[in-house]
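Peer 1: Turn this into a structure:
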Amino acid sequence: MTQSQYPLPVGDPALLARVRALHLVARRLVAGLHTGSHLAARRGYEAEFLGYQPYVPPHPLKDVDWRAYARNDRLVIRERRAERDLECVLVLDASADLGSTPGKWRQALEVTAALACAVLANGDPVGLRIGAGVGMTDRVIPARRARGQLARILMALASVQPAGRAELATLFSDVGERVHGRTLVGLVSDFMEDPAAWSGSLSALARRHVDLRAVQVYDRAELSLGEDEPARLISPETGGRFPVDPAAIRPAFAAVVATWRAEVRAAFVAQRALLWTLAAQDSAVPTVAGWLRAQPEVTA
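Peer 2: Sure, this is the predicted structure:
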């Protein structure tokens, strides 16, 4: 990425270095992936009828609406939104919980950047919405495929710092009110808020016939209580401190984690949405590839 290619500000060399590094990682993650000329909506989602357009060769004759021709003696084709650009909106949870470990936050940023890079490379419009966080250049970037769109998204990702609480229920409801049908919405989060509090808000997206694909980022060390010595855990969002004896509570903690992860998965299954789980310690390449190629069943 060079400054001549993208309209980047010149006043913050450190920020520009983070943008370039993020772009490099994103390009490496999507290198070699072939996703087709445009992203495709998953099977089972009906195309939205937009109206009739005159038939113009060399458009395939199979697309002619022959019933309309019989009525009006005019060759026309039925145009559906699925035949146009598939708009994509990426939603990043930038809450303090996402920054609880450096690896988890890095993974979330890089996956979001890679997806934006891949969607734009396919010629489809992409936008960004950031929940919580501080310091970002933009919190909401409308979906476009214009020159400079990738730079704007990368600037927002490189500048945001995890902070506060995402309030996932409010975030999902707000996104659902702003998107139209046939939009692809990609959520990147650890989903550490109580699933009972936000799972109902996914219906705001389902009602719009949105193609919903989510990546749950986690850190194995964070979910395993790997330490054996008594310690004091600190909540990144509330600052609360909790003394614990890891060896004593590990079995109960494992059961709580398993229940929580099952509830997260169930929330997405209920909305016919796709969910990938991605550890901070793992390569994101399989997840990015699966997200872009999206199979009709939930994938772990």
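
Peer 1: ok, which stretches of the chain are strands?
Peer 2: 49-54, 76-80, 88-93, 126-131, 140-144, 184-189, 211-218, 231-234, 241-244, 274-279 (DSSP state E).

Peer 1: which one of those strands has the lowest average pLDDT?
Peer 2: Mean pLDDT values for the strands of the chain show the minimum at strand 231-234, a mean of 50.

Peer 1: Have a look at the chain and report the helix or strand with the lowest mean pLDDT.
Peer 2: Within the chain, confidence by mean pLDDT, DSSP states H and E is lowest for strand 231-234 among all helices and strands, at a mean of 50.

Peer 1: ok, the closest residue to Arg18 other than its chain neighbours - contacts?
Peer 2: Once flanking residues are discounted, Arg18 sits nearest to Ala158: 3.9 Å by C-beta to C-beta, 6 or more residues apart in numbering. Where you see a C-beta, it was placed from the backbone N, CA and C, and this is true even at glycine. When contacts are counted by C-beta atoms under 8 Å, 6 or more residues apart in numbering, Ala158 touches 15, 18-19, 22, 109.

Peer 1: hmm, 7 Å instead?
Peer 2: 15, 18-19, 22 (C-beta atoms under 7 Å, 6 or more residues apart in numbering).

Peer 1: can you list the strands of the chain in JSON lines and add distance to Leu33?
Peer 2: What follows is those, written out as JSON lines (distance: least, C-beta to C-beta, whole Å):
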{"stretch": "strand 49-54", "distance to Leu33": "30"}
{"stretch": "strand 76-80", "distance to Leu33": "26"}
{"stretch": "strand 88-93", "distance to Leu33": "15"}
{"stretch": "strand 126-131", "distance to Leu33": "15"}
{"stretch": "strand 140-144", "distance to Leu33": "21"}
{"stretch": "strand 184-189", "distance to Leu33": "15"}
{"stretch": "strand 211-218", "distance to Leu33": "15"}
{"stretch": "strand 231-234", "distance to Leu33": "39"}
{"stretch": "strand 241-244", "distance to Leu33": "42"}
{"stretch": "strand 274-279", "distance to Leu33": "15"}
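
Peer 1: Count the residues that sit near Val56.
Peer 2: 8 (other C-beta atoms under 10 Å).

Peer 1: That should have said Arg78, apologies.
Peer 2: 16.

Peer 1: that older thread, I'd like the contacts of Ala158 as a markdown table, with pLDDT appended.
Peer 2: A markdown table is the format used below for the contacts of Ala158 (pLDDT from 0 to 100):
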| residue | pLDDT |
| --- | --- |
| Leu15 | 87 |
| Arg18 | 92 |
| Val19 | 92 |
| Leu22 | 94 |
